[in-house]
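Trainee: With the input below, show me the fold.
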Amino acid sequence: MNSFHVYILTNKRNGTLYVGVTNDIARRVDEHRTHQVAGFSRRHELSRLVYVETLASAFEAISREKQLKRWKRQWKLELIESVNPYWRDISDEVGW
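Mentor: Presented below is the predicted three-dimensional model:
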């Protein structure tokens, strides 16, 4: 069974936020860290994974990603801090 992930990257606590979706979180985080893909995350040096949600379908994940992208910045900060109050890089903890 495939799982899909909505995630938030940053460069520092309360820094620039990037919301993304993927079906392979380990690969995608590695792509961000090694700057393999040109764009927003490379330009802002976003490599700290601070939030992840796992969803059962691509439709659910894409819908959730779109929802989070429409959220106010403050709501995103509160979401992150509800599960990761110290803004630690959780990439080693999510169990891929």
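Trainee: Please tell me I have it right and Thr54 contacts Tyr7.
Mentor: No - contact status for Thr54 versus Tyr7: not in contact, 9.7 Å apart, counting by C-beta atoms under 8 Å. C-beta: built from backbone N, CA, C; applies to glycine.
Trainee: out of the two, which sits in the busier spot?
Mentor: Set side by side, Thr54 and Tyr7 show unequal neighbour counts under other C-beta atoms under 10 Å, the larger going to Tyr7 at 25 against 14.
Trainee: and that one, backbone torsions?
Mentor: Here the main-chain torsion angles of Tyr7 (degrees, to the nearest 10) amount to phi -140, psi 160.
Trainee: who touches it in this structure?
Mentor: Shown here is Tyr7, whose contacts under the criterion C-beta atoms under 8 Å, 6 or more residues apart in numbering are 19-22, 25, 28-29, 49, 51-53.
Trainee: Kindly report the same for Arg28.
Mentor: In this structure, Arg28 makes contact with 5, 7, 20, 22, judged by C-beta under 8 Å, 6+ apart.
Trainee: Now flag whichever of the contacts of Tyr7 is closest to Ser91.
Mentor: Among the contacts of Tyr7, Leu49 lies closest to Ser91 (C-beta to C-beta), at 4.3 Å.
Trainee: Am I right that that closest one sits in a strand?
Mentor: Yes - according to DSSP: H, G, I helix; E, B strand; the rest coil, Leu49 belongs to a strand.
Trainee: which residue packs closest to it, ignoring adjacent ones?
Mentor: Distance criterion C-beta to C-beta, 6 or more residues apart in numbering; nearest residue to Leu49, sequence neighbours excluded, is Ser91 at 4.3 Å.
Trainee: Kindly report the same for Asn2.
Mentor: If the residues on either side of it in the chain are set aside, Asn2 comes closest to Asn23, at 5.8 Å by C-beta to C-beta, 6+ apart.
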